[in-house]
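when you get a sec, could you give me coordinates for this:
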Amino acid sequence: MDGFLPWIQFALTRFRVFTCARFARSGPTLAASRAPRYIAASSIRPPHPMSLSFESFASWFNKFLTRLFGSHNQRVIKKVLPIVERINELEKKYRALPDAAFPKMAAEFRARLKKHESLDDILPEVFAATREASRRTIGLRHYDVQLIGGWALHNHMVSEMVTGEGKTLVATSAAALNALEGNGVHLITVNDYLARRDAQWMGPVYEMLGLTLGIIQHDYQEAYRFDSSYSNDPENKMRCLRPCTRKEAYGADITYGTNNNYGFDYLRDNMKSSGEQQVQRYIKVEVDGEIVRRMAFAIIDEADNILIDEARTPLIISGSAEESAEKYAQADRVARRLETGVDYEVKEKEHLVMMTEAGIEKAQRLLGVEDFYTGDNLEWPHLLEQALKAHNLYRIDKEYVVKEGEVIIVDEFTGRMMPGRRWSDGLHQAVEAKEGIRIREESQTLATITLQNYFKLYKKLAGMTGTASTEAMELDKIYRLQVLTIPTNRPLIRNNMPDIVYRTKKEKWEAVIEEICRIHETGRPILVGTTSIENSEIVATMLKRRGVKHEVLNAKFHEKEAQIISRAGYKDTVTIATNMAGRGTDIILEKGVAENGGLHVLGTERHEARRIDNQLRGRCGRQGDPGSSQFFLALEDDLMRVFAPEWVSAVLLRLGMTEGEPIESTMVSNAIGRAQKKMEDRNFEIRKNLVEYDKVMNEQRHIIYGQRQDILEGKDMRAQIVEMFEERVGEVMDRFLPEGAKAAWDWKALGEFMKTRFEVAELPEKLAESPDHAVREELTKRLMAVYESKEKEIGADNMRQLERYLLLMKIDERWKDHLHNMDMLRSGIGLRSYAQMDPKIAYKKEGYEQFEGMLGSIKEEVTDLILKVQIKKEEQERLMERERYKVTSESKEDASNAATRTEQGGPPSDEKPKPFVASGPKVGRNDPCPCGSGKKYKKCHGKKAAPVTGGGDEGGEEDEKD
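Numbering: from 1, shown residues only. Predicted coordinates for the structure are as follows:
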């Protein structure tokens, strides 16, 4: 170690000199104030290692080891090269085979797997066969770097590949290899068009190898199998797609679809009344000593978008719940009369709206309500909060558009419209009230899961993207996915020019138009990137005034998306694209464009994530083509305004910046980078926070869906029912015959309860003199006698069917109510922090108590009904097949809304959660309620539960009939 210290000291000294040089390049101000001091210090003596921060030293030491041994990425690629060489050696063998030999290959490879060869053993041959099949069918031969990408996918990694390197083709080798196990491979894209396009494009490759291919679309009834003999007209958009059932599409070796479609199908499967109605395939694997259901393998295209940006968004299937539309309209009228900064405060960074005391009093007067927090008024704070959010945080043509009398959400990451999707918690109704259109009823959650937890259901997960390295830590922490950066097939020669910053948006837009006109005169194609529909229309309007022909690509015109973006590389073309609309479609340069400098990308605002900026830059310079990119910014842009406020503007003014004058400064670029880093950190915390809370629901979902699946698979439920009866006997004894207090035994009440509830004959008085265990045995014996009598009466098979039906019905009813109660708990859990409680710990504890209470309710209701219900055999079979839910919508909750409602707290509605069974000692009626409300137990969760009634034809659940 002593011999190593001088090297460290020398390296630290060089690090200081490097720092000096970096500052010297940053500009005269920083160079003058800092550089001489560092130069002088390092020229006199080596700096002491402790004078550096730990982070700086760790960063340097990591670079030192990388220079010495190579990066982890380089070492992994070096490890793969012999496999690539082996694939290349096999190319001659497969090129010599006739076409007829290829369709038999899948069966041959599967036979070898049955003889205990592994996928790794046959990988070189499968990859070589896939490469040759691709060359023969679609005219594309995998480059060596694409084979490395396929190897990374097979090995549970994210392949980071520069735009234009052929990610769609990369997936074929890994998909074909893993499909040989016969458990299904899911190819996941960001929209239905790409799923259909990629399946049609790559379908011939899989078909030639003897593999089947399915496609699922947003409409549940729309699914296809790839069949080259079906409608093989190149002008037909649906060529080679033979309609089939959704189950058939999932039954194919490989299935293409979107992340939302897969997630919603999973939720729907767990709402079905029979196993035959389920569409997805599962395998059983052992996890921590427990056998669980998993899906086999998924390859995610645009993995950063789906696993990072979209992952914090819960998927929600809802049924209708009664709520007055007039109340939303009233809340909207009141919100319009409240003043910002006086009656409420807007926290744009945190995506919050908070009413002040003055605002609450004013709102109460306007509504004619004495107190929001008593009686039937508890819903008003929530309704007003959503109305204020609608007016202050949700803007038309940015977060949503209004089309044909409907509010349609615009995806914040892709800029695409999402018809049929609705915000939850009454936010959508608040926006409808704001826009003065028909207010639809509020919905109740029937099933929900976050994408993080959905993707954890796969035994093996992999992904592809052009920008993942900046999120490598998060991908590893949440999904255990390593990122492998794949080398480009040709050198990247794109010119990324420095940002140009203006003081105001007005100056920026004028400069953007001037720059577009200047480049347009040269004949070079231009892609203008904007962050919202509103901004894209600003640019379009200004260009129209200047007479510049252009195409607009945003959420309003996404039907033409692929066609527009594919022509963006033609001469004299100006294309305006919202965010990353058109992602997944290559921009091919027209002949002569490359010689003129290639495509120029002009960004009009920095995105909150650096990845999105890099994706926009990546639209040019594909496959070694020339190209350039530059961002035009203003200090009034959202990102700069929120995270790099007054001091930046003050410094620029001191430097002599005048109106209309741009500035190119490393200092400003660094400020922008720090602002983006802050936003990325904030979004990571939101996602991490969502995962922490959803862990509670995930464990509960795992238990409930596991029980449902056992029922749907026809598992004998008799043992479970018997166990329920035994537990009920124990509970009844605790209630009427408290242990150790024989004087308090209420034998008469016990007898009446057993007779009324379970049809048990009158209990003999002499039994009261028996010890506890004898009484328990006798009660259990008599209860089981009634149960066996019932079984004998209707037959064992019918009894098993009845048990499954009642269990399924009650699990679904109580689970739906439990989801609602957990929503209520989560909405107000942030208030626990005022009582010096950790909200997450409180949520876990109270969520567990509510879950235990739900299981107790299921047990109680099933055991009460099973001895009384009378169902004819033919009706019983019909009921088991019956859909018990009326689904009104499937939605992706707004990411910010999902996170902030957890932390803000506050009573969300006037509907109180159902009572739950608390663990621990018995709570007295006059004691404080353990839920933390501050009320007495008898006034809160000690109240007798009100019966749950359905909402008729408009409710979230259809009425059941005996």
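
got the confidence number for residue 204?
The per-residue pLDDT reported for residue 204 equals 96.

phi, psi of it?
Per-residue torsions, residue 204: phi -60, psi -30 (degrees, to the nearest 10).

leaving out the residues flanking it, which one is nearest to it?
residue 137 (3.7 Å; C-beta to C-beta, 6 or more residues apart in numbering). Backbone N, C-alpha and C define where each C-beta goes, glycine included.

now do the contacts for that neighbour.
Residues near residue 137 by C-beta atoms under 8 Å, 6 or more residues apart in numbering: 204, 205, 207, 208.

out of these, which one sits closest to residue 606?
residue 205 (39.2 Å; C-beta to C-beta).

show the contacting residues for residue 568.
525, 527, 551, 575, 577, 582, 587, 599, 619.

list the buried ones in the helix or strand encompassing residue 722?
Per DSSP states H and E: residue 722 is located in helix 718-736. For helix 718-736, the buried set under the neighbour-count rule, 16 or more other C-beta atoms under 10 Å, comprises 720, 721, 724, 725, 728, 729, 732, 733, 736.

circling back: mind listing which of the contacts of residue 137 are in helices?
Secondary structure from DSSP state H places 204, 205, 207, 208 of the contacts of residue 137 in helices.

list just the nearest of those to residue 604.
residue 205 (39.2 Å).

how many residues are close by the nearest residue to residue 435 once chain neighbours are set aside?
Nearest non-adjacent residue to residue 435, counting by C-beta to C-beta, 6+ apart: residue 402, 5.5 Å away. Residue 402 sits with 15 neighbouring residues when counted by other C-beta atoms under 10 Å.

tell me which of the contacts of residue 568 fall in strands.
527, 551, 575, 577, 599 (DSSP state E).

so which of these wins on neighbours?
residue 599 (28 neighbours).

roughly how far does that residue sit from residue 674?
Distance from residue 599 to residue 674, counting by C-beta to C-beta, to the nearest Å: 30 Å.

likewise residue 520?
34 Å.

quick one, which of those two is more surrounded?
A count of neighbours by other C-beta under 10 Å puts residue 520 above the other of residue 520 and residue 674, at 20 against 12.

show me which pair in the ones in helices among the contacts of residue 137 is furthest apart.
Counting by C-beta to C-beta, the most remote pair of the ones in helices among the contacts of residue 137 is 205 and 207, 7.3 Å apart.

the two: which is more packed in?
Higher neighbour count among residue 205 and residue 207: residue 205, with 26 against 20, using other C-beta under 10 Å.

surely the more buried one is in contact with residue 138?
Yes. Counting by C-beta atoms under 8 Å, residue 205 does reach residue 138; the two are 6.4 Å apart.

and of the ones in helices among the contacts of residue 137, the nearest to residue 274?
residue 207 (32.6 Å).

show the contacting residues for the closest one.
Contacts of residue 207 (C-beta under 8 Å, 6+ apart): 103, 137, 213, 226, 228.

mind redoing it with 6 Å?
Residue 207 sits next to residue 228 when contact means C-beta atoms under 6 Å, 6 or more residues apart in numbering.
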